[in-house]
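*Asks:* Here is a sequence together with a model predicted from it:
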Amino acid sequence: MKGNLLRMMLAAVVLLSAFAAHAGDELQIGIWPYVSTQTLISEYHPMQVYLEKRLHRPVIFVTAPDQRTFVQRTQRGEYRYAFTAPHFARYAELDAGYVPMLRPRRNSFVVFVVDRNSPLKSIGDLRGKTVTMTDSITMIAMLALKALRENGLEPGKNVTVRHAVSHNSAVLDVTRGESDAAVTGLIIYDQLPESIRKNLRILATTGETPAMMLLANPKVPADEVANLKRMLLEFVDSPEGREFIRNLGYQGLREPTEAEMKSLDPLEEDLKKQMGNAR
């Protein structure tokens with residue numbers, strides 16, 4: 001187990017291209033860095049072990065140092081397969097030809113969280129306060145900024161917005177007393193250790209969204225894509241897969257519909273504009 005974890009950590013650091021491996025070598029799967037690398041390693045380890053047994057080859061999850069880099073690498077076709085955010089998935093589908101494969105059955109929501117003893121009662125109470133969220137290209141941040149504006153709050157004017165590298169680090173700003181509130185996804189919030197959640201309270205819930213999506217690079221043969229999809233659906237029905245699904249709160253996996261993908265178009269357009277202005 002230690003060897004597997006070390007191999008995943010090294011892969012996350014060196015960030016190898018998914019097409020660097022030849023037949024018989026390791027299969028690399030990109031995963032969006034929505035939480036810390038250590039958390040990703042722990043969460044996806046059961047899937048890694050299962051796929052290694054079924055495929056009879058090493059499987060490594062690779063990531064990127066930040067959200068924008070992950071999107072850029074996906075668009076360049078560097079990931080053979082990629083678990084990514086819904087609007088990132090739509091962007092990759094429309095502009096890079098990636099093929100949507102699977103998504104969690106459960107939808108998520110945007111949640112504003114505060115210290116459990118905070119006197120704040122609503123989003124409107126954040127006037128003059130500090131809110132931490134991830135990069136503005138993330139769906140959760142986009143929907144959170146929309147919610148702030150709908151409540152008469154303009155970032156940089158009457159509310160301060162800080163940006164964190166991941167959703168769990170945003171939440172930790174509240175626990176450290178560095179922000180009055182943080183923004184994350186409900187599924188991600190539910191995954192936080194009880195030792196952290198017991199000190200927090202959900203201030204507001206808004207913006208229903210799909211959760212993570214799995215994509216295939218357009219260069220991957222259709223039979224390989226179908227085989228991996230079948231294995232993952234069998235995985236979630238296995239004892240270790242059911243525990244994986246329970247721990248992540250996904251309630252299973254299924255194929256995304258065309259209507260679900262099209263519903264992401266407004267956020268995908270916003271994402272494209274922001275990525276065009278990326279530094």
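*Replies:* Yes, it's here.
*Asks:* use CA for all of it now, contacts and neighbours both
*Replies:* Will do.
*Asks:* what are the phi and psi angles of the closest residue to Thr205 other than its chain neighbours?
*Replies:* If the residues on either side of it in the chain are set aside, Thr205 comes closest to Val111, at 4.5 Å by Cα to Cα, 6 or more residues apart in numbering. Per-residue torsions, Val111: phi -130, psi 140 (degrees, to the nearest 10).
*Asks:* my guess is Val111 contacts Ile187, does it?
*Replies:* No: using Cα atoms under 8 Å as the test, Val111 is too far from Ile187 to be in contact (9.6 Å).
*Asks:* more neighbours, the two?
*Replies:* Neighbour tally, Val111 and Ile187, criterion other Cα atoms under 10 Å: the higher count belongs to Val111, 26 against 19.
*Asks:* Give me the local confidence score for that one.
*Replies:* Here, the pLDDT recorded for Val111 equals 97.
*Asks:* What of Val14?
*Replies:* Value listed for Val14 in the pLDDT field: 37.
*Asks:* quick one: terminal-to-terminal distance for stretch 254-269?
*Replies:* 25 Å (Cα to Cα, to the nearest Å).
*Asks:* And that stretch, what's buried?
*Replies:* Under the neighbour-count criterion of 16 or more other Cα atoms under 10 Å, stretch 254-269 has Arg254, Pro256, Met261, Leu264, Leu267, Glu268 buried.
*Asks:* wait, doesn't the third one sit right on Arg90?
*Replies:* Yes: with contacts defined as Cα under 8 Å, Met261 counts as touching Arg90 at a distance of 6.2 Å.
*Asks:* ok so, going back, output the buried residues of stretch 254-269 as TSV; include the columns pLDDT.
*Replies:* Converted to TSV, these look like this (pLDDT from 0 to 100):
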residue	pLDDT
Arg254	96
Pro256	96
Met261	95
Leu264	93
Leu267	90
Glu268	92
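*Asks:* Closest to Asp180 out of these?
*Replies:* Leu267 (26.8 Å; Cα to Cα).
*Asks:* Was I right to think the closest one contacts Met139?
*Replies:* Yes: look at Leu267 against Met139 with Cα under 8 Å: they come within range, at 7.2 Å.
*Asks:* moving C-terminal of the helix or strand harbouring Thr132, what's the next helix or strand?
*Replies:* Using DSSP states H and E, Thr132 sits within strand 130-134. Note on strand 130-134: by DSSP H and E, the next helix or strand toward the C-terminus is helix 139-150.
*Asks:* got the angle between that following helix and strand 130-134?
*Replies:* 150 degrees (axes from the mean of the first three to the mean of the last three Cα atoms, to 10 degrees).
*Asks:* With that, I have no additional questions.
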